[in-house]
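> just the structure for this:
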Amino acid sequence: MVALRQTPLHDLHAARGARMVPFAGWEMPVQYPMGVLAEHMHCRSHAGLFDVSHMGQVILRPRSGDPADAAAALETLVPADIAGLAPGRQRYGLFTSDDGGILDDLMITNRGDHLLLVVNAACTDQDLRHLEKIGDRVAITHLTDRGLLALQGPEAEAALARLLPGVAEMRFMDVRDFDWNGATLWVSRSGYTGEDGFEISVPAAVAEPFARALLDMAEVAPIGLGARDSLRLEAGLPLYGHDMDQNTSPAQAALGWSIPKLRRQGGARAGGFPGAGVILPELADGPAMMRRGLRPQGRAPIREGVEIFDAETGGESLSRVGSGGFGPDVGAPIAMAPIPVRIADGATVWAELRGKRVPVTVAPLPFRPSTYKR
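Residues are numbered from 1 along each chain as shown. Now for the predicted structure:
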C-alpha cells in the first residue's frame, strides 16, 4: 500500500481535532469538531481557511526567454486566451483530449516571466506528462516546497489585510506577491465557494505559522473537505471526476464560457488545441446534453450516481447525478447532472432513490449567487 502524502499543515489539522481521510493520495481533513454544517455556514457568514496544499503547483518558463512563447505553447493544450492574459492576472482553463473530453481543469497565472498553473491533486501526475508535449518550448517545474491555503468568505479580506496590507486593493482574478516575515507569498483573489476570497501559495516552512496567524483571528475557522464540497455545490461549480471527465466535453460540462471567441470557429486563433475538431462544432451548434441544476421536491438529497429519468414510471434514463447533497445555505437538497437541453428549467424529471422515483425540478445554476469582488 502506498503511504498517503501529508501537507505542511498536517500537524495543525491534528492539533485542531480534524477527522482525516484519504483524498487523491493525500491525508486530508474532512471536518473539524465544529462539524460540516457549522463550517459551511461560518464560511458563508465570516471566513473559512482551507488547506489546498494537495493541489499541484506547476511553473512553465519559456526556454527562449520570451514569455509570449510560453503562452503560445500552452495554447496548444488549453483552449483559452493565454496570450492575452496580462501579468498579475489569472484565468480558468481546461486541458482537453484529442476526442474532445476534459483531462483536467486548472487555474493559469501570468507571473511576468513565467506561467503558474494550479491543477487538481488527482490529475497532477497525468498533467505533468501531458505538459511534456510542449517540453521543448517550456521548462516544467513541479513545486513541492510550497503549501497552498484558501481563505474564503465575506470577512476574508479584512482578516487577510491584517497580515498582508494591500490585499484589499485586489479584484477578482488579480494576483500579487506579498512579503510576510521575510517570506514571499503569492496571493490570488478568486475561490471555489462562490464567496469572495483568496488563495495563498506559501513556502512550506511558513505554511503552519501563517495559518496559525489567520486562525488566531475570531472570524477565521478551519474548514474541511466536507464543507468545501457543499459550498462549491451551492455555487454551481463542477468537480473534476464527478461532474466532468474525459468523456465530457466543455459544452456538456457548461464550461463553454472558458473558451473565448478568438479560439472558436472564425476567431483570430481558432482551434490549435486537442479535440478542437469536436469541441468547436459542438460549441457552435450547442450540445444535446448539459450540466444543469436539480432541486428535489422534498427533503431527501440525491447524491452522486443516482439515476435520472424523464418519467415517473418507465420512460427514458437521462443520466446520473454527478454531485448532490444538502445545501445548508439554500436550505434544501440540491444536485447537478447532465440533462438534455430540450428540457426547460422548471420542468420535472425523476430520480430513482432506493427503488422509488421522486420528482426533481430542473433548475438554473448557481443555486446561490456568487459574491466575488469584481
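> all helices of the chain, in order?
10-15, 36-45, 67-74, 124-131, 156-163, 204-215, 225-234, 276-285 (DSSP state H).
> please identify the deepest-packed of the ones you listed.
Most buried of these by mean neighbour count (mean count of other C-beta atoms under 10 Å) is helix 225-234; its value is a mean of 24. No exception for glycine: its C-beta is placed from N, CA and C like everyone else's.
> between it and helix 36-45, how many degrees?
50 degrees (axes from the mean of the first three to the mean of the last three C-alpha atoms, to 10 degrees).
> okay if I get the helices of the chain as JSON lines plus mean pLDDT and distance to residue 21?
Shown next, in JSON lines, are the helices of the chain (pLDDT from 0 to 100; distance: least, C-beta to C-beta, whole Å):
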{"stretch": "helix 10-15", "mean pLDDT": "98", "distance to residue 21": "11"}
{"stretch": "helix 36-45", "mean pLDDT": "98", "distance to residue 21": "12"}
{"stretch": "helix 67-74", "mean pLDDT": "98", "distance to residue 21": "33"}
{"stretch": "helix 124-131", "mean pLDDT": "98", "distance to residue 21": "19"}
{"stretch": "helix 156-163", "mean pLDDT": "98", "distance to residue 21": "25"}
{"stretch": "helix 204-215", "mean pLDDT": "98", "distance to residue 21": "19"}
{"stretch": "helix 225-234", "mean pLDDT": "98", "distance to residue 21": "7"}
{"stretch": "helix 276-285", "mean pLDDT": "98", "distance to residue 21": "35"}
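> surely residue 365 meets residue 254?
Yes - using C-beta atoms under 8 Å, residue 365 is in contact with residue 254, at 7.1 Å.
> which residues do those two both contact?
Shared contacts of residue 365 and residue 254 (C-beta atoms under 8 Å, 6 or more residues apart in numbering): 291-292.
> could you dump the helices of the chain to JSON lines with distance to residue 331?
Formatted as JSON lines, the helices of the chain follow (distance: least, C-beta to C-beta, whole Å):
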{"stretch": "helix 10-15", "distance to residue 331": "29"}
{"stretch": "helix 36-45", "distance to residue 331": "11"}
{"stretch": "helix 67-74", "distance to residue 331": "42"}
{"stretch": "helix 124-131", "distance to residue 331": "36"}
{"stretch": "helix 156-163", "distance to residue 331": "23"}
{"stretch": "helix 204-215", "distance to residue 331": "28"}
{"stretch": "helix 225-234", "distance to residue 331": "10"}
{"stretch": "helix 276-285", "distance to residue 331": "35"}
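> nearest to residue 173, of these?
helix 156-163 (15.0 Å; C-beta to C-beta).
> which helices and strands does that closest one pack with?
Contact partners of helix 156-163 among helices and strands, from 3 or more C-beta pairs under 8 Å, 6 or more residues apart in numbering; DSSP states H and E: strand 197-203, helix 204-215.
> re earlier: which of the helices of the chain sits closest to residue 350?
Short answer: helix 225-234, nearest of those by C-beta to C-beta, at 20.7 Å.
> chain center to the closest one: distance?
A distance of 11 Å separates the centroid of the chain from that of helix 225-234, by C-alpha atoms, centre = their mean, to the nearest Å.
> what's it in contact with?
21, 23, 28-31, 36-37, 39-40, 43-44, 48, 50, 152, 192-195, 239, 323-330, 334-336, 366-368.
> dump the helices and strands packed on helix 156-163 to TSV, plus distance to residue 259.
Listed next are the helices and strands packed on helix 156-163 as TSV, based on distance: least, C-beta to C-beta, whole Å:
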stretch	distance to residue 259
strand 197-203	23
helix 204-215	35
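> so which of these comes closest to residue 9?
Among these, helix 204-215 sits nearest to residue 9 (C-beta to C-beta), with 5.7 Å.
> any chance you could list what contacts that closest one?
Residues outside helix 204-215 that contact it (C-beta under 8 Å, 6+ apart): 7-9, 11-12, 16, 49, 51, 53, 145-147, 149, 151, 159-160, 163, 180-181, 183, 185, 200, 202, 220-222.
> quick one: which of the contacts of helix 225-234 sit in strands?
Using DSSP state E, 21, 23, 28-31, 48, 50, 152, 323-327, 334-336 are the members of the contacts of helix 225-234 that sit in strands.
> of these, which count as buried by neighbour count?
For the ones in strands among the contacts of helix 225-234, a burial check counting by 16 or more other C-beta atoms under 10 Å picks out 28-31, 48, 50, 152, 323-327, 334-336.
> got a list of what the nearest residue to residue 334 once chain neighbours are set aside touches?
Excluding the flanking residues, the one nearest residue 334 by C-beta to C-beta, 6 or more residues apart in numbering is residue 327, at 4.4 Å. Residue 327 is in contact with 230, 233-234, 333-334, 367-368, counting by C-beta under 8 Å, 6+ apart.
> and for residue 131?
Residue 131 neighbours (C-beta under 8 Å, 6+ apart): 58, 60, 77, 138, 140.
> neighbours of the second one, how many?
Put plainly, it is residue 60. By the criterion of other C-beta atoms under 10 Å, residue 60 has 25 neighbours.
> repeat for residue 242
Neighbour number of residue 242 under other C-beta under 10 Å is 16.
> that one and residue 291 touch, don't they?
No - Residue 242 lies out of contact with residue 291 (C-beta under 8 Å); the separation is 10.6 Å.
> which residues do those two both contact?
residue 322.
> out of everything not next to it in sequence, what's closest to residue 247?
residue 101 is the one closest to residue 247 (C-beta to C-beta, 6+ apart), at 5.6 Å.
> what's the pLDDT at the one you found?
Model confidence at residue 101, expressed as pLDDT, equals 98.
> could you do residue 191 as well?
Listed pLDDT for residue 191 reads 89.
> now residue 171
pLDDT recorded at residue 171 is 97.
> what's the burial count for it?
Around residue 171 there are 10 residues (other C-beta under 10 Å).
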